[in-house]
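Undergrad: Everything below, folded, please.
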Amino acid sequence: MTDGTMTMEQAASLQHFNRYDPEAWENSVSVYEPAYSLGFVFNTMQTHVLLLRKARPAWQAGKLNGIVGHIEPGELPIDAMVREFAEEAGVRTILRDWNLFAVMDGGDAQAGQPQNTAAVYCYEATDDHIFSYARAKTDEPIDRYAIGALFFRPDLVVNLPVLIPLALHRGIFQRPTHLPWSQETLAAAKN
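TA: Model (predicted):
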């Protein structure tokens, strides 16, 4: 499709290891603007996750979310994830630390985005070193949270109760999961 949307078939065609082949990645994924990379880092036992307390955008202010940042023009989503994690958490990671587990596409009405105009590439990393050494490098504090009690918190970004279990169980899927993204669909999924 030429309007920036990704069909279910296109999302299903994404190969997990395409992140090592930029040419294949660019040919497999539609270009979205804006586009974001979002990462969750777990300890090796997968009992805790790193989250940051968002200062912006306004609709996320004060809420917990993964490490997230804008994908720069010409930048691959995986490269943005590595860059954003170093900028926000102070730990240099490499491509193979991150595993793409979902692609959310759609738009965020609260941020003024029309439907089918934005994408979020969701990654997970499970590594005690990365988990232990991450420290906030911006005005958004980073902390470690027990996963067992996480979903009862009222201060989560609305999609975390969907994304964190998906990240933890990414190994059962052959390809990244496609998720339509809107505040309405995510709120419905949470309820």
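
Undergrad: Count residues in the vicinity of His178, would you?
TA: When neighbours are counted by other C-beta atoms under 10 Å, His178 registers 18. Bear in mind the C-beta positions are built from the backbone N, C-alpha and C, glycine included.

Undergrad: Identify the bridge partners of it.
TA: Using DSSP bridges, the beta-bridge partners of His178 come out as Val103.

Undergrad: doesn't Val103 make contact with it?
TA: Yes - using C-beta atoms under 8 Å, His178 makes contact with Val103 at a distance of 5.7 Å.

Undergrad: ok, and for the longest helix along the chain, which residues are buried?
TA: Using DSSP state H, we find that the single longest helix of the chain is helix 77-89. Of all the residues in helix 77-89, those buried under the rule 16 or more other C-beta atoms under 10 Å are Pro77, Ile78, Asp79, Ala80, Met81, Val82, Arg83, Glu84, Phe85, Glu88, Ala89.

Undergrad: That one: how far from the chain's middle?
TA: Offset of helix 77-89 from its chain centre (C-alpha atoms, centre = their mean, to the nearest Å): 11 Å.

Undergrad: Residues in contact with it: which ones?
TA: 19, 25, 29, 35-39, 41, 50, 52, 67-72, 75, 91-95, 97-98, 100, 121, 123, 130, 134-138, 140, 142 (C-beta atoms under 8 Å, 6 or more residues apart in numbering).

Undergrad: Could I have the buried ones of these as ChimeraX selection syntax?
TA: Buried subset of the contacts of helix 77-89, written as a ChimeraX selection, criterion 16+ other C-beta under 10 Å:
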select :19,25,29,35,36,37,38,39,41,50,52,67,68,69,71,91,93,97,98,100,121,123,130,134,140,142
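
Undergrad: can you name the two of the buried residues of helix 77-89 that are farthest apart?
TA: Greatest spatial distance among those (C-beta to C-beta): Pro77 and Ala89, at 17.4 Å.

Undergrad: Can you show me the strands along the chain?
TA: Remark: strands assigned in the chain by DSSP state E are 35-42, 48-53, 64-65, 67-70, 99-106, 118-126, 142-146, 177-181.

Undergrad: Just the CA atoms of the first one, as CSV, please.
TA: As requested, C-alpha coordinates have been extracted for strand 35-42 and formatted as CSV (Å, rounded to 0.1, in the frame of the first residue of the first chain):
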residue,chain,number,x,y,z
ALA,A,35,7.8,6.2,13.7
TYR,A,36,9.2,5.1,17.1
SER,A,37,11.3,2.3,18.6
LEU,A,38,10.1,1.1,22.0
GLY,A,39,12.2,-1.2,24.2
PHE,A,40,11.7,-3.3,27.3
VAL,A,41,14.7,-4.8,29.1
PHE,A,42,14.1,-7.8,31.5
